Every structure is written in structure tokens, then in C-alpha cells.
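Colleague: Here is the input, now give the coordinates:
(one chain, ligands or ions: 1)
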Amino acid sequence: MAAVVEASGLAAAPPVCVLVLGMAGSGKTTFVQRLAAHLHGQRCPPYVINLDPAVHDLPFPANIDIRDTVKYKEVMKQYGLGPNGGIVTSLNLFATRFDQVMKFIEKRQNASKYVIIDTPGQIEVFTWSASGTIITEALASSFPSVVVYVMDTSRSTNPITFMSNMLYACSILYKTKLPFIVVMNKTDIIDHSFAVEWMQDFETFQDALNQETSYVSNLTRSMSLVLDEFYSSLKVVGVSAVLGTGLDDFFVQLSKAVDEYERPCLEHCVQLWGPWYKKDMDLLERVQRRAAKTIRGLECLSYEERLRELGLFNLEKRRLWGDLIATFQYIKGAYKRDGERLFDRACSDRTMDNAFKLKEESKSGEYRPEYERLRKTLEKAQNKQKREQLEHLWKDMGSVCVQGSTLAGSDDASAMGPSELILTRGTLDEEEEEERESDTDDIDHEVTEESHEEPAFRNFMQETRMKYQRRSNPNE
Ligand SMILES: Nc1nc2c(ncn2[C@@H]2O[C@H](COP(=O)(O)OP(=O)(O)OP(=O)(O)O)[C@@H](O)[C@H]2O)c(=O)[nH]1
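Modeller: As a prediction, the model looks like this:
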């Protein structure tokens, strides 16, 4: 029932993109199937996208299926690639046409409240590839997007395996920077409460670790301390994709995650408020001192460190009010339980009239339009970056496309991509697209991947090379 409420509660909102990731065999596909069936049952049909080119049988009808676009086995055969190389290259090809997918989603946004995306079994193919980043960023810059990390609970009963799984989840969270839900799947085999206890109670986890004699257990012990902060804000749901249990709770968490996506982040606040209020340095210092006093011990340390990291302790006049708001936003975010109270107390203080005014303004809606404006500006910049990334991808593909015609030499590379893909499922406008030959032969997936290395890394390599040259030819 709760799911019905949740599903219908988002009626007027843009569709929520649910990116389903997880280790091979964790149950992603079964979970997507279950979610889709559940939403169909609620008369809230989702828009389903399959990004796994190597899956044999899809147990759910996909509106867009990468297999309709790229023939994974052909790609493997033609380039002499292994299975992983074939999947990476297929995903790269698909990413070059992801703008089409975005158009389909936009067209369907009134009909579907959820877009569910199943990803390749080999998780790193998506999370650590250029195409995975392009796809994630394209979705997240246009729609509220949430990462759902599916894990096999029955295979995580060993504390060391559990920790490895959590470390992986943590790395994905930092990579995607999106709201994150951990779905502990297969609870029909084993209840997930043991894992939740491990996350909430450090000592219980230590007890479990004490049973382990492996040398890794020491490392795991230290890592569990580090992960404490990650756990504290993590949304966890126990689910059985096979039985369909836990879905109501999942939708509750999903709704919270969407709220999180909508909430302005700290950096936005600094940019937003900074230029508006440029006065009263003393006030900010007083507030910061008070905030630092309120949060003691370890918390105080991490709070100060974080502020320093963000440059908020270097009080410059021009960012003064941005700092103030950012400080409070940070407190609110990092210390959810106390933050709101602290914020209210500070705002209602007589010396905090201005801060109080700011809060009122944000309530009366002045904040929102400004944030929207800011978001649009950011989106524009992101789109530009995305276009540039895509152009890179095209160029790389073109540069290895020898035999007569190279895309790199073409005036409009995007007009004659290596795979003129047609997305055939569940779309009304397929006919608009012309079917053209796929000339996927010209892709070298390694070159494609390398082209997306950070410029900083390239500079580093260049400098190192020059250093070696200088050393070997000191007279030059
Ligand atoms: N008992 C039980 N088995 C499950 C559950 N969910 C999935 N499975 C089984 O786990 C196996 C893998 O499920 P998939 O849905 O194919 O997992 P996946 O993560 O999509 O797999 P890849 O795409 O190959 O990585 C299948 O045999 C499923 O039947 C569950 O909730 N309970």
C-alpha cells in the first residue's frame, strides 16, 4: 500500500531514474523484473532500459534494449575481443547515441514515473568506464537519479566479504555522487538483519571478525571504523527479488533518496548566497565559533577539517554570507539529527536576525528560483562537457577507423558514427531514425578508454617522460 502512495506521490514530478548496479549474480535483473512487475501492478508502468549487452534472456519487457542496437557477439568476433572487451566496446558504442535515449525518456516522461536501468553483470564495466560515466551524467543532469546497489546477502555472511562489498558500494557512491540505496537481496535465504547490525554496532562486527583468523581481518577491522560515516547516512533495504518482499520499504527509501537529490548541495549554497550578502564578518566568526563549540570531540574535528577542506575557515569578506549558509547547510547535512535544531537555535538568536531573514526568504520561495537558475547554468556547463566527451569518443573511434574513411576526417563525425544505432523497443518514433549499416569494426576499445583519462594524468605522464629524457640526455 505504501508503495502505491509513494508511486502516486510523485505524479507531477519528472521521472526518477533508478540505476541498478551490483556484482555479477547479485540479482539485479531479477530485482528489475520484480520492480517492473510491481509498478505495472500499481498501474504505474516504468520505462525500462537494459544496458547489459551479454544477457541471454531478459525476464522483463524492455522499452530500450542495448541488444537491439549492438550485437555483442559480433563485436567480440570482429575485434577478436574477450567477453569483457566485447561488453565494454558495446557499451561505448551505445553511449555515443545516448542522446537519443534521453530524447525517448523525455518524450515518455508524462507516461512513466520511473525509469529503471539494468546494467551489465560485470559491475566495473559500467562503474569504471567512460561510457558508464557519460550515461550516468546524462541521466543525472536531467532527471532525479538514484543509484541502487544490489548485493547478495546470502553471500555476504562472512564479515570480510561483507566489508569488501561495502567498500565497493562506497567507491561507487563517491564515483557517481548520487543518492544511494543498498538493496540487500535474497532475504528469502537469509534475513539481512545481521548485516544491518554489523553496520550499526561496531562491536558486533568486531565479534564476528574475531572468528576470522585471516590476516585480512585486521585490515577489515580498521576499514570498518573508516566506513562508519558512510554507514550512518546509508539507506538500506532488505528485499527478496524472487518473492517480491521488501518493495514497500524500497519505495519509501527511494522517495527519500529523490528528496536528497533535490536538496541543494553545499557548493551550490556557497555560490548562491555568496554574492548576495557581503557584510558582517564578525557575525560569521561568532556563528562558526558557536557551531564548533556545539559539536565536540571527534565530530568537532571532522567538522573543522571538512570546513577547512572547503576553504570555509579562510574567511574572505566576499564569501562571507555564503560561508555562513554553507556552514549551516553542512551542519544540517552532516549531523542530521542535531543540525536542524542547531540551525533553528542560531536563527532565533537576537544577533542572528539576518540569518533568520535568510531562512524566511528561503521558505517564501526566493531561494528556489535562484537555485533553479543556478542549476540550469550548471546543467548547461555539464551538457557542454558531455558533448565534448562524446566528441572525444567519436574522434577516438574515428582515429582507429582506417580502411578508407576515417570519422576523424569527417566534417560531422556524429553524422556517421560507427554504429548507426536504432533503438527499436517501446518507442513511437523509431521510424524517424534511418537504419544504416553498423560499421563497428573500427573501434579499438582500449584507445577509447584511454582517451578519457584525466588531463591531469596525461600532464603527469608527459612531465615524467620529459624528466626521464632530461636524465638520459643531460646535455640537451
Ligand atoms: N533465492 C533468491 N535467489 C535470487 C533472488 N534474486 C535473484 N536470485 C537468483 O540469483 C541468480 C542471479 O540473478 P540475476 O537476476 O540474473 O542476477 P544479475 O545480478 O542480474 O546477474 P548478472 O547480470 O549475470 O550479473 C539467479 O539464479 C536468480 O534466480 C532472490 O531474491 N532470492
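
Colleague: residue in this protein nearest to the ligand?
Modeller: Relative to the ligand, the nearest point of the chain is residue 121 (2.6 Å; C-beta to the nearest ligand atom). Any C-beta I mention is one placed from the backbone N, CA and C, and that applies to glycine too.

Colleague: How about the contacts made by the closest residue to residue 38 other than its chain neighbours?
Modeller: Excluding the flanking residues, the one nearest residue 38 by C-beta to C-beta, 6 or more residues apart in numbering is residue 247, at 5.2 Å. For residue 247, the contact set (C-beta atoms under 8 Å, 6 or more residues apart in numbering) comprises 3, 34, 35, 38, 239.

Colleague: ok, now residue 219?
Modeller: Contacts of residue 219 by C-beta under 8 Å, 6+ apart: none found.

Colleague: does residue 116 really touch residue 49, like I thought?
Modeller: Yes: Residue 116 lies in contact with residue 49 (C-beta atoms under 8 Å); the separation is 7.2 Å.

Colleague: Low-confidence stretches in the stretch 201-350 of the chain?
Modeller: Filtered on pLDDT under 70, the stretch 201-350 of the chain yields the residue ranges 213-217, 262-350.

Colleague: Which positions in the protein make contact with the ligand?
Modeller: Residues of the chain lying close to the ligand (C-beta under 6 Å from any ligand atom) are 22, 24-30, 52, 55, 121, 185-186, 188-189, 240-242.

Colleague: are any of those residues buried, and which?
Modeller: 22, 26-30, 52, 55, 121, 185-186, 188, 240-242 (16 or more other C-beta atoms under 10 Å).

Colleague: in the stretch 1-150 of the chain, what spans have low per-residue confidence?
Modeller: 1-13.

Colleague: Outside of stretch 110-120 itself, list whatever touches it.
Modeller: Against stretch 110-120 from outside (C-beta under 8 Å, 6+ apart): 7, 10-11, 13, 15-21, 28-29, 32, 35-36, 39, 44-55, 62, 87, 91, 105, 126, 132, 139, 143.

Colleague: From one end of it to the other, what's the distance?
Modeller: One end of stretch 110-120 to the other measures 28 Å (C-alpha to C-alpha, to the nearest Å).

Colleague: Name the residues of it that are buried.
Modeller: By 16+ other C-beta under 10 Å, the buried positions in stretch 110-120 come out as 112, 113, 114, 115, 116, 117, 118, 119, 120.

Colleague: As CSV, could you dump the C-alpha coordinates of the helix or strand containing residue 29?
Modeller: Applying DSSP states H and E as the criterion places residue 29 in helix 28-41. Extracted as CSV, the C-alpha positions of helix 28-41 are listed here (Å, rounded to 0.1, in the frame of the first residue of the first chain):
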residue,chain,number,x,y,z
LYS,A,28,20.0,-7.1,-10.5
THR,A,29,17.9,-8.4,-13.4
THR,A,30,15.5,-10.3,-11.1
PHE,A,31,15.2,-7.1,-9.0
VAL,A,32,14.4,-5.0,-12.1
GLN,A,33,11.9,-7.6,-13.2
ARG,A,34,10.3,-7.5,-9.8
LEU,A,35,10.2,-3.7,-9.7
ALA,A,36,8.7,-3.5,-13.1
ALA,A,37,6.0,-6.1,-12.3
HIS,A,38,5.3,-4.3,-9.1
LEU,A,39,4.9,-0.9,-10.8
HIS,A,40,2.8,-2.4,-13.5
GLY,A,41,0.6,-3.9,-10.8
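
Colleague: and that helix, what does it pack onto?
Modeller: Other helices and strands packing on helix 28-41, by 3 or more C-beta pairs under 8 Å, 6 or more residues apart in numbering; DSSP states H and E, are strand 16-22, strand 114-118, strand 145-152, strand 180-185, helix 247-262.

Colleague: let's see it at 7 Å
Modeller: With contacts taken as 3 or more C-beta pairs under 7 Å, 6 or more residues apart in numbering; DSSP states H and E, helix 28-41 sits against strand 16-22, strand 114-118.

Colleague: what sits up against that helix?
Modeller: Contacts with helix 28-41, where a contact means C-beta atoms under 7 Å, 6 or more residues apart in numbering, come from 3, 7, 20, 22, 45-46, 48, 55, 59-60, 114, 116, 118-119, 150, 183, 185, 239, 241-242, 244, 247.

Colleague: switch the cut-off to 6 Å
Modeller: 20, 22, 46, 48, 59, 60, 116, 118, 150, 241, 244, 247 (C-beta atoms under 6 Å, 6 or more residues apart in numbering).

Colleague: Closest one to residue 168 out of those, please.
Modeller: Closest approach to residue 168 among the contacts of helix 28-41 (C-beta to C-beta): residue 22, at 9.3 Å.

Colleague: correct me, but that closest one touches residue 150?
Modeller: Yes: taking contacts as C-beta atoms under 6 Å, residue 22 lies within contact range of residue 150: 3.5 Å.

Colleague: mind saving the C-alpha coords of the helix or strand harbouring residue 48 as PDB?
Modeller: Residue 48 belongs to strand 47-50 when assigned by DSSP H and E. This file holds the C-alpha atoms of strand 47-50, laid out as PDB (Å, rounded to 0.1, in the frame of the first residue of the first chain):
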ATOM      1  CA  TYR A  47      10.200   2.800 -18.600                       C
ATOM      2  CA  VAL A  48      12.800   0.000 -18.600                       C
ATOM      3  CA  ILE A  49      16.200   0.100 -20.200                       C
ATOM      4  CA  ASN A  50      18.600  -2.800 -20.400                       C
END
